[in-house]
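*Asks:* got a predicted model here, sequence first, then my questions.
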Amino acid sequence: MNQIDTADPRTTEDAWLKAAYDVLTESGVEAVKIMPLAQRLGLTRSGFYWHFKDREALLDAMIRHWENKNTGNLVTRCEAYAETICEAIFNLFDCWLDNELFDSRLDLSIRNWARNDPALQERLARADHRRTEAMQAMFERFGFDTAEAEVRALTMIYTQIGYISMQVTESRDLRIARMPGYVEVFTGREPTEADIERFMARHRGVRT
């Protein structure tokens, strides 16, 4: 095997993962193949094997990235400090506004991929269960009983999955403006001006 140029950013593992991500989100998992990725990067396929044993190893790396980023960050936001349930929901809503926390395109691609991959479908089910448990625990932390907390958590996760699957298009400003209303729908409680202001301050003027 020829020595690769480690100074060339195209040769890094992250570069291969980024190229695979672009293909996955554009064309689906069937299009993620080693030779086309190499051509996309302007490299030979031998460079791929410096980082991955085979295509399956690359696919598994993408799945692990999705689990760590989307599910991991969602759980972290559910567990973040908050004085009220409304503030806690606003913490979670950061995921829907910050692509560094939660990648909706990747989530949709994983869900589409899982339709024809039973093993991935099991991992997806575990991820959704983990997300639901984190949301439910968030409600319970603020005094909601178990049954109500579960229903409210399921309502939120089903809504977000539907939002992603429908590929809803709206401006960032409109999405943010609607969020206090969503908080009230999901919690049954009206957020205070202080809750809203803290949330708006985090996102005011930010563009993704």
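*Replies:* Great, that's in hand. Numbering: from 1, shown residues only.
*Asks:* can you show me the helices along this structure?
*Replies:* Under the criterion DSSP state H, the chain contains helices at 13-27, 34-41, 55-66, 72-79, 85-97, 104-114, 118-141, 146-165, 172-187, 193-203.
*Asks:* now the fifth one and helix 72-79, what's the angle there?
*Replies:* This means helix 85-97. Compare the direction of helix 85-97 with that of helix 72-79 by axes from the mean of the first three to the mean of the last three C-alpha atoms, to 10 degrees and you get 160 degrees.
*Asks:* could you say what helices and strands helix 85-97 packs with?
*Replies:* Secondary-structure packing of helix 85-97 (3 or more C-beta pairs under 8 Å, 6 or more residues apart in numbering; DSSP states H and E): helix 72-79, helix 118-141, helix 172-187, helix 193-203. (C-beta placed from N, C-alpha, C; glycine too.)
*Asks:* test for you: state the pLDDT assigned to the closest residue to Ile85 other than its chain neighbours.
*Replies:* Nearest non-adjacent residue to Ile85, counting by C-beta to C-beta, 6 or more residues apart in numbering: Phe142, 4.0 Å away. pLDDT, the model's per-residue confidence, is 98 for Phe142.
*Asks:* could you report the neighbour count for Phe142?
*Replies:* Using other C-beta atoms under 10 Å, Phe142 has 17 neighbouring residues.
*Asks:* let me see the contact set for it.
*Replies:* With contact taken as C-beta atoms under 8 Å, 6 or more residues apart in numbering, Phe142 is in contact with 84-85, 88.
*Asks:* what of Arg115?
*Replies:* Gln121.
*Asks:* apply 10 Å and report the result again.
*Replies:* Counting by C-beta atoms under 10 Å, 6 or more residues apart in numbering, Arg115 touches 121, 124.
*Asks:* of the helices and strands packed on helix 85-97, which stretch is the most buried?
*Replies:* helix 72-79 (a mean of 19; mean count of other C-beta atoms under 10 Å).
*Asks:* can you check what angle separates that one from helix 146-165?
*Replies:* Relative orientation of helix 72-79 versus helix 146-165 (the same axes, to 10 degrees): 140 degrees.
*Asks:* what helices and strands are in contact with helix 72-79?
*Replies:* When contacts are defined as 3 or more C-beta pairs under 10 Å, 6 or more residues apart in numbering; DSSP states H and E, helix 72-79 sits against helix 85-97, helix 118-141, helix 146-165.
*Asks:* return that helix as CSV; C-alpha atoms alone will do.
*Replies:* Extracted in CSV, the C-alpha atoms of helix 72-79 (Å, rounded to 0.1, in the frame of the first residue of the first chain):
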residue,chain,number,x,y,z
GLY,A,72,-26.3,12.0,23.2
ASN,A,73,-26.8,15.8,22.9
LEU,A,74,-30.6,15.5,23.2
VAL,A,75,-30.2,13.6,26.5
THR,A,76,-27.7,16.2,27.8
ARG,A,77,-30.1,19.0,27.0
CYS,A,78,-32.9,17.2,28.8
GLU,A,79,-30.6,16.9,31.9
